[in-house]
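*Asks:* got a structure for you, letters missing:
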């Protein structure tokens, strides 16, 4: 297990190195240069930032200098925010995005997993068709479509929940962005859970339990649930990373003060240090999510543990 985990961490490090390299050179290809569009920065501050970022050096030396800074945990200074450290920008905004992603993923799991189990239990019934139809609708409607619809109906028309802003101490401000992000992922989880449960229900040990007169609800909970959740477990880790990185548009729609706001502004103003810092953070979350999913699969499926060893 330790060797497998080390191997996965090494792979993740190589992925992040490739992501850093790609984002570094893509940012250097942006037209105009990162300092030419920011007229509000005083000249002496601009010169200091350019010197610290190494823009007077050849490109390969800039690359090594930036890579060395990232390895040390220094993501540089924000051009748009007049020299504010990118680490501070992320430290202030990431907890909001993480909280939004966490509650959205919890909602998706609470809806999607039970729906998939019930759908598999009632295979080919009206309940099964109804659950899968709703799941298909959730897959067809992206979050950037669901968000404005919920904002107009539940927010402005019915005034059930606040439309703008985010207050960590007021759960009513979480509802609309949480539901907007969670519904799409709930649809995926419902379909994956149903597929996993149907595969497990077709195994010989389930038929043996049926023949012995074991009640169906006991078969589902005691014998099938753990194996049936393997496809969902493989999805939850990357989905959690995706739900955080995919909240960029939703944070803009509902004015959530998370990383999405800074990322969009950084792209608009060519703030390359913020772009690279947030991109690396999102990449790290995806790598971590995949590793967590692999560990969940090893726990749920003993055969996978044998193969990994």
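*Replies:* Received the coordinates, thanks. Values in this document were obtained by computation on a predicted structure and should not be read as measured data.
*Asks:* mind listing the strands for the chain?
*Replies:* 77-78, 84-85 (DSSP state E).
*Asks:* mean pLDDT lowest for which of those strands?
*Replies:* Ranked by mean pLDDT, the strands of the chain bottom out at strand 77-78, with a mean of 83.
*Asks:* So which other helices or strands are in contact with the longest helix seen in the chain?
*Replies:* When the chain is parsed with DSSP state H, its longest helix is helix 86-121. If contacts are counted by 3 or more Cβ pairs under 8 Å, 6 or more residues apart in numbering; DSSP states H and E, helix 86-121 sits against strand 77-78, helix 126-140, helix 175-201, helix 225-228, helix 230-245, helix 248-253, helix 259-269, helix 272-300. (Glycine included, C-beta is placed from N, CA and C.)
*Asks:* if we can go back for a sec, the strands of the chain into TSV, with extra columns for mean neighbour count?
*Replies:* TSV is the format used below for the strands of the chain (neighbours: other Cβ atoms under 10 Å):
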stretch	mean neighbour count
strand 77-78	23
strand 84-85	15
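*Asks:* Residue 258: which of these is closest?
*Replies:* Closest approach to residue 258 among the strands of the chain (Cβ to Cβ): strand 77-78, 15.9 Å.
*Asks:* pLDDT below threshold where in the chain?
*Replies:* For the chain, the stretches with pLDDT under 70 are 1, 31-46, 49, 53, 168, 246, 301-309.
*Asks:* Residue ranges of each domain in it, please.
*Replies:* 2-86, 94-301 (automatic domain parsing).
*Asks:* Highest mean neighbour count out of these?
*Replies:* domain 94-301 (a mean of 19; mean count of other Cβ atoms under 10 Å).
*Asks:* residues touching residue 294, list them.
*Replies:* For residue 294, the contact set (Cβ atoms under 8 Å, 6 or more residues apart in numbering) comprises 8, 237.
*Asks:* Check residue 259 too.
*Replies:* 90, 93, 94, 96, 97, 248, 251, 278, 281.
*Asks:* thinking residue 9 is in contact with residue 291, fair?
*Replies:* Yes - assessed by Cβ atoms under 8 Å, residue 9 is found in contact with residue 291 at 7.2 Å.
*Asks:* give the contact list for the closest residue to residue 296 other than its chain neighbours.
*Replies:* Leaving aside its chain neighbours, residue 296 sits nearest to residue 233 (4.0 Å; criterion: Cβ to Cβ, 6 or more residues apart in numbering). Shown in contact with residue 233 (Cβ under 8 Å, 6+ apart): 293, 296, 297, 300.
*Asks:* what do you get for residue 54?
*Replies:* Contacts of residue 54 (Cβ under 8 Å, 6+ apart): 61, 62, 65, 66.
*Asks:* With adjacent residues omitted, what lies nearest to the third one?
*Replies:* Spatial nearest neighbour of residue 65, chain neighbours left out: residue 54 (4.5 Å); criterion: Cβ to Cβ, 6+ apart.
*Asks:* What spatial separation is found between that neighbour and residue 77?
*Replies:* Distance of residue 54 to residue 77, given as Cβ to Cβ, to the nearest Å: 12 Å.
*Asks:* quick revisit: dump the strands of the chain into CSV; add distance to residue 128 as well.
*Replies:* Listed next are those as CSV, based on distance: least, Cβ to Cβ, whole Å:
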stretch, distance to residue 128
strand 77-78, 51
strand 84-85, 53
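*Asks:* and of the ones you listed, who's closest to residue 181?
*Replies:* strand 77-78 (26.3 Å).
*Asks:* who touches that closest one?
*Replies:* Outside strand 77-78, the residues that touch it by Cβ under 8 Å, 6+ apart are 49, 52, 53, 83, 84, 85, 86, 89, 266, 271, 273, 274.
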